[in-house]
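Visitor: 3D, please:
(chains A and B)
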Amino acid sequence: MKKSLIIPLLYLVSISPVLALANFEDIYGIQASDFYNVLADQIVSARFEDNSLSLQEQFKRLKNLQLKIETKTDEYPGDPLVWFLEGLNLNNLAEIRYLLILSQSGQKKATADREVSNYNIARSRAYSNAIRLDSKPPHQLSSTIYATMSYGLSNRQKIKTYTRELELGSPSENESNEWFLHWAKIDALVHEKKLDEAQLALVELKTLLDKANKADSAYAEIVEKAGAQIKTITDELQKRQASHQNSETSNVKPDDPEEDWSWKIWLIVSLGIFTFIAVVVIALLKRDH
Amino acid sequence: MRHLLRLTILVVSLTSYTANADGDGLSVFTSDNPESNAARSFIVVPEKYEIPHGISAPASQAVLTKQAPFLIEILDEIEDAELVQWSINITRNDFGRIWVLSSYSGKKTVGEVNTVWTSFKLDKNVVDRHILQFHPRPQKHQSTVYKKGKPTSAQGVSNGGGTKSINIEGRNPRLSYEIEGRVLDASNKLIKLYSVTLQMDDKDLIRQEYINHYRIPRATAGEAGKLPVPTREEIKLIPATPDGYDGNRLTESEYELIIEDGAIELSKLILDAYEGMKKFYRKPGNELKDLNGEPLTIPDSRLWLSSGWRNPERNEWFSDALNGAHQLGAALDLMPNEIPRKREAAIIYWVLWNAVESVPDQHQFLAQLEALTVPIRPASFKLDIEPRNGIPDAFDKADHLHINLVK
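Guide: Model (predicted):
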């Protein structure tokens, strides 16, 4: 089957359950506050294609939603959920702007491309605010929200989202995703060189597999791979540290010829100058007498 | 000395009647299905339902209806002067209510966990005293609606997870009835004791899960439960993980049993296409190029089989798809054996997707990329936003490829 046929077919089979679920609580697993739950549903619905609107019309609608959500972030600056909604809408804006670029070229394309980047930066900032505000109790955000935010964030922020997602229970449809997410977290920690934390995360993974009676299951492979990753980077760091120490030690070797010569030259020059001054002083004294 | 005397009295009292081994001296009927009956197992079908029977094809008994009542009969002759007393120990209060159909009645004692029903002592005037007849009352889905049960927020889940929420093993509670028939002499002394335990075996436990999910409404919009109930023959031992795949066997179910209705064939079809596609892209000139036109390096990654058949209770724990194909033994979830949410995994999803598209006779299966339990939106195949890495967002965000046979 050609690609041109399979995408609409996928759309037909996939859109019905999606539209059936298109409200905030059903998708993200928590209720939005009464003060903005209608807006939350509108932002979520906008994520799902509405063929009756052109891209320009969709963009306009999202801009309106952006004004509304910005009013809410002004009103409730300490509410992580409002910041998440703002990030989600900014992402929607970036998406529609990107789709609009596809038909453009030259200078127009470059300008639009910058706009997409700006939306992405603003989205990441909004998500970072949401993560920061939700880091203290009472926690509000669901694991689905953390999973949604984890894309396009810095590695450090990803570690926070993975950790929280795992604490809350992965929203995915099968167990494998959850076990693999532990691996993603360990990998992110390794890349940040947070090896002690990575080691702790590995121990936690092993403990959880043990508790679930899955220590000898296929998931043991993940433990092995993640463990190997930690070991590789630990060995590498130790090697680097050792060679650094070696080079430091070698810099102060007593038989270093360069060190020796500089000292000797300094001594010879000093003695020379001293002798010269002494000779001059003696000569002057003799002349006076 | 006093202890010895007590012990002697105890031994004498214990051996003063005939205790039959489990089921000895009794005729026991538990199920319309001969195999279930032989195992003294059963299913409980609500009176109002006619449930389609048979997953790969309608069974010879194409519809399941209310089952015949349990019938336990003492085969030995009972003297006129003797009395009979039946008791039924219903091992779980929350599931095991009964409906006695015999002509005689009795009384019920409700304990903390179990309930014991005991008949009155029956003399020769009770014509059916050698037979005990009763129906198990239907089990009910533990909440009135179907909703994914696994909590993913501090708010938790209300009405979710079906009976899983009360059973850590991820399957239905095993329903059982311990039955005793006592024959007493005129002075109420026990002469003979007959006993038998009627208990769902694993195959009927699985069938009961399908029955309990039939016609259950969803918490969100969509069709109510409508899956057929598998026949016992359709429930088999779990085969090994298909060749060429990493990961799980064809089920992660707690039962050591499976329904397999084409999943193995499907796994072979997809694996061949995937390996072929990897080879294709590695040939010079055929490179897979990113959205900026840069050739991509294809990781040498194997596919991980993450999910195959799910029993309905497990399905309800993980998914909102009440009538999802995973319960029919003809669906697979696949993912790359790579660190998730990273570039290598995204490339493998791209290759896998293109491989699936290349399979001839597409009408025989349905494939969709999914993330966080919902299908990837069609626009995501064109987008490169989150992250901007030259790979369509659909592949960056996918957490598995779902594929099922269309029947």
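Visitor: Next secondary structure element downstream of the host helix or strand of B:Ile211?
Guide: Assigned by DSSP states H and E, B:Ile211 falls within helix B:202-213. Per DSSP H and E, helix B:202-213 leads on to strand B:235-237 as the next helix or strand towards the C-terminus.
Visitor: buried sites along that following strand?
Guide: Taking 16 or more other CB atoms under 10 Å in any protein chain shown as the basis for neighbour counts, the residues of strand B:235-237 that come out buried are B:Ile235. Using the backbone N, CA and C atoms, a C-beta is placed for each residue, glycine as well.
Visitor: Paired strands for it, with orientation please.
Guide: Here strand B:235-237 has these sheet partners by DSSP bridges: strand B:257-259 (antiparallel).
Visitor: how about the very next helix or strand once past the strand it pairs with as CSV, C-alpha atoms only?
Guide: From strand B:257-259 onward toward the C-terminus, using DSSP H and E, the following helix or strand is helix B:263-282. Output of helix B:263-282 as CSV, limited to C-alpha atoms (Å, rounded to 0.1, in the frame of the first residue of the first chain):
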residue,chain,number,x,y,z
ALA,B,263,0.2,-13.3,16.6
ILE,B,264,3.1,-15.6,15.9
GLU,B,265,2.6,-15.5,12.1
LEU,B,266,2.2,-11.7,12.4
SER,B,267,5.5,-11.4,14.3
LYS,B,268,7.3,-13.3,11.5
LEU,B,269,5.8,-11.1,8.8
ILE,B,270,6.9,-7.9,10.5
LEU,B,271,10.4,-9.2,11.5
ASP,B,272,11.1,-10.2,7.8
ALA,B,273,10.0,-6.8,6.6
TYR,B,274,12.0,-4.9,9.3
GLU,B,275,15.2,-6.9,8.6
GLY,B,276,14.7,-6.4,4.9
MET,B,277,14.3,-2.6,5.3
LYS,B,278,17.4,-2.3,7.4
LYS,B,279,19.4,-4.1,4.7
PHE,B,280,17.9,-1.9,2.1
TYR,B,281,18.8,1.4,3.8
ARG,B,282,22.4,0.2,4.4
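Visitor: Helix B:263-282 and chain A, are they touching?
Guide: No - applying CB under 8 Å from any CB of the partner chain, one finds helix B:263-282 out of contact with chain A, separated by at least 12.6 Å.
Visitor: Please tell me how far B:Val229 sits from A:Glu221.
Guide: 36 Å (CB to CB, to the nearest Å).
Visitor: Just want to know which of those two has more residues nearby.
Guide: For B:Val229 and A:Glu221, the more surrounded residue by other CB atoms under 10 Å in any protein chain shown is B:Val229, and the numbers stand at 23 against 15.
Visitor: pLDDT score for that one?
Guide: With respect to pLDDT, B:Val229 has a value of 98.
Visitor: I'd say it and B:Glu209 touch.
Guide: No - counting by CB atoms under 8 Å, B:Glu209 is not a contact partner of B:Val229; they are 9.1 Å apart.
Visitor: Give me the packing partners of the helix holding B:Ile211, helices and strands only.
Guide: helix B:34-38, strand B:235-237, strand B:257-259, helix B:312-318 (3 or more CB pairs under 8 Å, 6 or more residues apart in numbering or on different chains; DSSP states H and E).
Visitor: which residues are in contact with that helix?
Guide: Outside of helix B:202-213, the residues that reach it under the criterion CB atoms under 8 Å, 6 or more residues apart in numbering or on different chains are B:31, B:35-36, B:41-46, B:49, B:51, B:64, B:139-141, B:146, B:162-163, B:171-172, B:174-175, B:200, B:225, B:227-230, B:232, B:235, B:255-257, B:259, B:311-313, B:316, B:322, B:327.
Visitor: what about burial for those residues, which qualify?
Guide: Among the contacts of helix B:202-213, those classed as buried by 16+ other CB under 10 Å are B:31, B:36, B:41-46, B:51, B:64, B:139, B:141, B:146, B:162-163, B:171-172, B:174-175, B:200, B:225, B:227-230, B:232, B:235, B:255, B:257, B:259, B:311-313, B:316, B:322, B:327.
Visitor: got the contact list for A:Ser217?
Guide: A:209, B:248.
Visitor: quick one: average pLDDT of stretch B:125-144?
Guide: Averaged over stretch B:125-144, pLDDT sits at 90.
Visitor: residues of that stretch that come out buried?
Guide: In terms of neighbour count (16+ other CB under 10 Å), stretch B:125-144 has its buried residues at B:126, B:129-136, B:138-139, B:141-143.
Visitor: In the stretch 151-289 of chain A, what residue lies closest to chain B?
Guide: Nearest to chain B in the stretch 151-289 of chain A, going by CB to the nearest CB, is A:Ser176, at a distance of 3.5 Å.
Visitor: so which strand or helix has that residue?
Guide: Short version: A:Ser176 belongs to helix A:175-191, going by DSSP H and E.
Visitor: helices or strands up against that helix?
Guide: helix A:155-168, helix A:195-211, helix A:220-251, strand B:303-307, strand B:331-336.
Visitor: Give me the contact list for the helix or strand where B:Asn89 lies.
Guide: With elements taken from DSSP H and E, the one containing B:Asn89 is strand B:83-90. Residues lying outside strand B:83-90 but in contact with it, judged by CB under 8 Å, 6+ apart, are B:74, B:78, B:96-98, B:102, B:106, B:114-123, B:126, B:129-130, B:132, B:134, B:177-186, B:188.
Visitor: Good, wrapping up.
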